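Participant: sequence? don't have it. structure:
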């Protein structure tokens, strides 16, 4: 019998639940514990017989868990948790503050190497699968342009920004690729595109009773960083409509490489696209596959921080190299 | 100054020319020689000052070349050349007879290991980039179906088969995905599809003067293995039309993974697609990128045969891991 990979989940929000559901789909993995800072008794999870444990007791699981999947947020949780837990466990996280990745990598790398652990950082779909395609397609077709589009999908950061506007009770924001821009690229043009050309932002807002809707709309549309560089559409809806029509978490997007080879400049288009019903369940699924890779890398003595660029794809699969070559090559 | 990767090309057909053009786009590579069994004086190539050398003299280049890219065919060239040259050089090839990959891998692996060389086999887009996506998406979404479609593009094997029909002077065959099947999958169905459901075959045939066209069409459509399991369209055209309209080598296709996660079965679609003006130039570009990886793997002491499943993506890029994390993650 092959030993299962023993998984721990740290943080039980949307991503944590996504990881738990993903582990249930992978017969070579076994969930050992879910760690939370909340009262463990207040949490209802999916897998029967799994312990919900207060994070304070995590050290008791040091030899029970092969890979700890960090499901906290990038703003405040991971900058601390990443280096801390990489010094104790093999880890996978979804750190997605692009600008701070070099610093985060260095911190996690140092802690993991000192402890003989392996930590895969910035795992998910962007950063993650999209990064792989940006890198791979640029390496294959060096002369060209790469475009990343996100959506149609919910941006949590933009939704939160709207909720902070005076008179707003609740809100959700969808990021939407501008079809005209996408079509130009798919037709083989290599256009220069501004922020406004690439995405538009559609907001569904529940206003407080008696609030000045015109002023709310104006405030949203002119919000620097979040909305002022985009074409923004604002709809006012009821709390009930928001719950009924906007409680799922779909997302997606695509990476397109448009480039040329040869003397008569033959054109090539490479596109990788995602259409996801549930952003956190998909992200959790990617993290689970990378937990498998992290367990293997550590068993081979490869320690420190790693990214999607460092890990052979075969390590993500439960199949042996022989079976992969026979069935999937 | 960083040392350039010194490339040799063995076999100078369409793929060989594609590799040469790709090397010209990669400033960290340098073409050292092109080896051919033909009379070297009969060959006109692209790069100025490059020696066209008879294959008999290849051993003189043993210490001049870092990676030899094998550009012969899978039917008769590579089964011999692959193991032979992997015992002498680091190699990249595009062996694409799917059923014989395990045997070919074993032969190349043995020769390369004995010689301390590294050989990447079955590199291109299928096998190659498509294989990577089949593997990656299955690992991420274990519950689902993967579909591969090819085309619209020229199948050399099917074109050759038509040319062997009595009364046929020349011919070209396009493999075309059946739009209805593709749309069903993109709409989130997971249909069971027969060979006939997935692709149709369109043939452009130049008949000998006075040949029985009805009989030619009948013979093509009923040809076992090649056409009898497909819906096939046959057009008769003139030699001039064939030359004018069908002398390019476009191709492409897509790998689609359709799967589900979670308890309420959220659906996810992952699609990787290629639209290529020139199949051999694109294949050559993929092989050039893998030559870079092979040179690095060998420098690190990783010898033997490897496939797209074994090589970290970062090895394909001329950029350092630091730059990759900063710019592309």
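Facilitator: Arrived safely. Computed from a predicted structure; not experimentally measured.
Participant: going forward, measure contacts and count neighbours with C-alpha atoms only.
Facilitator: Fine.
Participant: counting neighbours, what do you get for residue A:323?
Facilitator: 12 (other CA atoms under 10 Å in any protein chain shown).
Participant: so it is in which element?
Facilitator: helix A:321-327 (DSSP states H and E).
Participant: for the residue nearest the centre of chain A, what are its contacts?
Facilitator: When chain A is reduced to its mean C-alpha position, the closest residue under CA atoms, centre = their mean turns out to be residue A:124, at 3.8 Å. Applying CA atoms under 8 Å, 6 or more residues apart in numbering or on different chains to residue A:124 gives the contacts A:94, A:282, A:283, A:284, A:286, A:287.
Participant: and which of those residues is nearest chain B?
Facilitator: Compare each of the contacts of residue A:124 with chain B using CA to the nearest CA and the shortest gap goes to residue A:286, at 5.2 Å.
Participant: buried subset of the contacts of residue A:124 as a PyMOL selection?
Facilitator: Written as a PyMOL command, the selection of buried residues from those, which uses 16 or more other CA atoms under 10 Å in any protein chain shown, is:
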select buried, chain A and resi 94+282+283+284+286+287
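Participant: SS state for residue A:247?
Facilitator: Look at residue A:247: counting by DSSP: H, G, I helix; E, B strand; the rest coil, its state is coil.
Participant: tell me the buried residues in the helix or strand hosting residue A:297?
Facilitator: For residue A:297, the host element (DSSP H and E) is helix A:279-299. Neighbour-count burial for helix A:279-299 flags A:279-298 (criterion: 16+ other CA under 10 Å).
Participant: who are the packing partners of the helix or strand just after it?
Facilitator: The C-terminal neighbour of helix A:279-299 among helices and strands, as given by DSSP H and E, is strand A:304-306. The elements that strand A:304-306 packs onto, with contact taken as 3 or more CA pairs under 8 Å, 6 or more residues apart in numbering or on different chains; DSSP states H and E, are helix A:101-115, strand A:118-120.
Participant: please enumerate the helices of the stretch 151-300 of chain A.
Facilitator: A:156-163, A:179-186, A:195-198, A:213-221, A:239-245, A:279-299 (DSSP state H, counting those that start in this stretch).
Participant: which one of those lies closest to residue A:83?
Facilitator: helix A:279-299 (15.8 Å; CA to CA).
Participant: centre of the chain to the closest one, how far?
Facilitator: Taking the mean C-alpha point of helix A:279-299 and that of its whole chain, the gap between them comes to 12 Å (CA atoms, centre = their mean, to the nearest Å).
Participant: now check it, is it near chain B?
Facilitator: Yes - with CA under 8 Å from any CA of the partner chain as the criterion, chain B is reached by helix A:279-299 at A:281, A:282, A:285, A:286, A:288, A:289.
Participant: quick one: which of those is nearest to residue A:261?
Facilitator: Distances from these to residue A:261 were compared by CA to CA; the smallest belongs to residue A:286, at 32.8 Å.
Participant: and the closest one, what pLDDT?
Facilitator: Looking at residue A:286, its pLDDT stands at 98.
Participant: and the gap between it and residue B:147?
Facilitator: Spatial separation of residue A:286 from residue B:147 under the definition CA to CA, to the nearest Å is 20 Å.
Participant: repeat for residue A:48
Facilitator: Using CA to CA, which is the criterion applied here, residue A:48 is 34 Å from residue B:147.
Participant: which of those two has more residues huddled nearby?
Facilitator: For residue A:48 against residue B:147, the residue with the higher neighbour count under other CA under 10 Å is residue B:147, and the figures read 18 against 6.
Participant: wait, isn't that one in contact with residue B:259?
Facilitator: No - in this structure residue B:147 lies outside contact range of residue B:259 using CA atoms under 8 Å: 11.3 Å.
Participant: so who does residue A:113 touch?
Facilitator: Under the criterion of CA under 8 Å, 6+ apart, the contact partners of residue A:113 comprise A:87, A:303, A:304, A:305.
Participant: buried ones from these, can you make that a PyMOL selection?
Facilitator: For selection in PyMOL, the members of the contacts of residue A:113 meeting the burial criterion (16+ other CA under 10 Å) are listed in this command:
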select buried, chain A and resi 87+303+304+305
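Participant: out of the contacts of residue A:113, which comes closest to chain B?
Facilitator: Scanning the contacts of residue A:113 for proximity to chain B, where the rule is CA to the nearest CA, the winner is residue A:305, at 11.7 Å.
Participant: which strand residues bridge the closest one?
Facilitator: Using DSSP bridges, the beta-bridge partners of residue A:305 come out as residue A:119.
Participant: any idea how far it is from residue A:120?
Facilitator: With CA to CA as the criterion, residue A:305 and residue A:120 are 6 Å apart.
Participant: then residue A:236?
Facilitator: Taking CA to CA as the criterion, residue A:236 is separated from residue A:120 by 42 Å.
Participant: comparing these two, which residue is more hemmed in?
Facilitator: residue A:120 (29 against 17).
Participant: quick one: contacts for the more buried one?
Facilitator: With the criterion set at CA under 8 Å, 6+ apart, residue A:120 makes contact with A:91, A:92, A:93, A:290, A:294, A:305, A:306, A:307, A:308.
Participant: using a markdown table, lay out the residues you listed together with distance to residue B:210.
Facilitator: Putting those into a markdown table (distance: CA to CA, whole Å) gives the following:
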| residue | distance to residue B:210 |
| --- | --- |
| A:91 | 73 |
| A:92 | 70 |
| A:93 | 70 |
| A:290 | 64 |
| A:294 | 67 |
| A:305 | 71 |
| A:306 | 67 |
| A:307 | 65 |
| A:308 | 61 |
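Participant: OK, contacts around residue A:218?
Facilitator: Contacts for residue A:218 (CA under 8 Å, 6+ apart) come out as none.
Participant: rerun at 10 Å
Facilitator: Counting by CA atoms under 10 Å, 6 or more residues apart in numbering or on different chains, residue A:218 makes contact with residue A:234.
Participant: now residue A:171
Facilitator: Contact analysis of residue A:171 by CA under 10 Å, 6+ apart lists A:158-165, A:203-207, A:235-237, A:239, A:242, A:246.
Participant: now do residue A:15
Facilitator: Taking CA under 10 Å, 6+ apart as the criterion, residue A:15 is in contact with A:9, A:21, A:69-73, A:94, A:279-285, A:287.
Participant: swap in residue A:250?
Facilitator: Contact criterion CA under 10 Å, 6+ apart gives A:151-154, A:174, A:275-282, B:266-268 as the residues in contact with residue A:250.
Participant: I'd like to know which of those are buried.
Facilitator: A:151-154, A:174, A:275-282, B:266-268.
Participant: any low-confidence regions in chain A?
Facilitator: Low-confidence segments of chain A, defined by pLDDT under 70: A:1.
Participant: repeat that for 90
Facilitator: When the per-residue scores of chain A are filtered using pLDDT under 90, the ranges that remain are A:1-3, A:39-51, A:75-76, A:98, A:156-157, A:225, A:247-249, A:264-265.
Participant: near chain B, which residues of the stretch 101-250 of chain A are found?
Facilitator: By CA under 10 Å from any CA of the partner chain, the residues of the stretch 101-250 of chain A that approach chain B are A:101-103, A:105, A:122-123, A:126-143, A:186, A:188, A:248, A:250.
Participant: what about those, which are in helices?
Facilitator: Among these, DSSP state H puts A:101-103, A:105, A:129-140, A:186 in helices.
Participant: can you put the helices of the stretch 151-300 of chain A in JSON lines and add distance to residue B:32?
Facilitator: As requested, the helices of the stretch 151-300 of chain A are arranged in JSON lines below (distance: least, CA to CA, whole Å):
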{"stretch": "helix A:156-163", "distance to residue B:32": "53"}
{"stretch": "helix A:179-186", "distance to residue B:32": "36"}
{"stretch": "helix A:195-198", "distance to residue B:32": "43"}
{"stretch": "helix A:213-221", "distance to residue B:32": "58"}
{"stretch": "helix A:239-245", "distance to residue B:32": "62"}
{"stretch": "helix A:279-299", "distance to residue B:32": "37"}
